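**Q** need a structure here:
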Amino acid sequence: MEFDLFKLVRKEMELVEQSLYQHVNTSEQVLSEASTHLIKAGGKRIRPGFALLVARMYRDDIGYAIPLATALELVHMATLVHDDVIDNSEVRRGTGTVKRLWGNRVAIYAGNFVFARALDLIASYNRQDILEVVADASMKICQGEIEQMLSCFNVNLGLKNYLRRIERKTALLISLSCQVGAMLSTSNPKEIEALRRYGYDLGLAFQITDDILDFVADEATLGKPTGSDIRQGVITLPALYALHHDARRDELAQLLSSPQACQDNTQYIIDIVCESDGIEYAYSVSQHYAHRSKRHLAILPDTPVKETLLELADFILTRDY
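**A** You can find the predicted model right below:
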């Protein structure tokens with residue numbers, strides 16, 4: 001994501017970038033190199049971006065939110081490095097994963113180290129309420145990853161299971177970013193809740209769009225191989241639609257339930273899903289959540305930050321990476 005949508009907090013986003021490097025620096029060279037590699041690989045930085053934007057809604061000087069924004073990105077990075085071990089992923093964001101370059105053991109310790117750094121930053125606020133919501137979200141994210149792992153190649157799971165998986169995979173951390181950004185900046189419970197809900201629905205839209213891109217995006221633009229979900233047995237919304245509505249649904253179910261078939265017939269599975277209207281259906285669901293996220297902002301005063309949050313919801317629907 002270009003920082004145009006975060007133009008109101010560009011200076012602070014640059015400070016977060018510096019802070020990320022600072023907080024993964026350690027005297028243990030291998031750990032430092034592996035953790036730094038995660039940051040160098042880049043990323044959309046939308047979680048710190050949301051926290052900073054929400055803070056800017058209430059105050060001009062938002063330097064106090066830099067440690068929080070840094071911590072949120074560190075939590076996200078920790079989940080990614082662990083995911084790559086679990087998924088046996090070789091490439092992320094167009095470069096080799098920590099798992100590929102340093103091996104599983106270093107990757108696990110690097111993820112643990114980065115997560116601990118995040119907790120240390122959050123603890124510096126001495127806010128029990130913020131620690132509690134971060135801890136709760138972190139536990140649910142882990143539960144969601146286990147649920148996804150156990151549901152791989154299972155063609156009998158429905159929409160409810162899918163939405164719960166993407167809630168815990170993506171929506172919770174984006175929701176958390178908006179919520180804690182508000183908690184640090186205002187004591188208005190209705191506005192804090194509105195921003196939490198905005199982030200939650202936007203997070204669902206974001207992940208559904210991500211799942212669509214895994215079928216249709218250009219591999220170089222996406223930064224990882226298309227069809228990754230299929231190869232890992234992760235059945236996302238476009239495939240779910242095809243499993244229920246396409247004339248070839250029995251053949252598709254047989255393919256998606258076989259790890260070997262998912263490896264050998266990835267492109268054929270993609271073709272079936274794309275020809276089934278599954279992409280169009282998933283996009284309509286993504287639109288639903290993006291539009292619902294915008295409605296949560298109605299109680300907030302009209303400000304440049306609110307306009308930016310509305311624009312971000314529109315961007316989610318049109319992004320190609």
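
**Q** drop to CA atoms for contacts and neighbour counts, all remaining ones
**A** Fine.

**Q** spatially central residue in this protein, please.
**A** residue 170 (4.0 Å; C-alpha atoms, centre = their mean).

**Q** that one reaches residue 204, doesn't it?
**A** Yes - here residue 170 reaches residue 204: they are 7.0 Å apart, a contact under C-alpha atoms under 8 Å.

**Q** picking up where we left off before, in what helix or strand does the closest residue to the residue nearest to the centre of the chain other than its chain neighbours lie?
**A** Spatial nearest neighbour of residue 170, chain neighbours left out: residue 203 (5.8 Å); criterion: C-alpha to C-alpha, 6 or more residues apart in numbering. If you go by DSSP states H and E, residue 203 is part of helix 189-216.

**Q** which parts of that helix are buried?
**A** Residues 191-216 are the ones in helix 189-216 that count as buried (16 or more other C-alpha atoms under 10 Å).

**Q** then stretch 8-21?
**A** So stretch 8-21, judged by 16+ other C-alpha under 10 Å, has buried residues 8-10, 12-13, 15-17, 19-21.

**Q** so which of the residues you listed comes closest to residue 317?
**A** Residue 317 has its nearest neighbour among the buried residues of stretch 8-21 in residue 8, at 21.1 Å by C-alpha to C-alpha.

**Q** and the helices in the stretch 1-150 of the chain, which stretches?
**A** 10-24, 29-40, 46-58, 66-87, 98-102, 104-123, 128-151 (DSSP state H, counting those that start in this stretch).

**Q** I'd like the ones you listed written out as TSV, with mean pLDDT and distance to residue 276 added.
**A** Listed next are the helices of the stretch 1-150 of the chain as TSV, based on pLDDT from 0 to 100; distance: least, C-alpha to C-alpha, whole Å:
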stretch	mean pLDDT	distance to residue 276
helix 10-24	95	41
helix 29-40	91	37
helix 46-58	96	32
helix 66-87	93	27
helix 98-102	94	35
helix 104-123	95	38
helix 128-151	91	23
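
**Q** compute the number of surrounding residues for residue 151.
**A** A count of nearby residues for residue 151, using other C-alpha atoms under 10 Å, gives 18.
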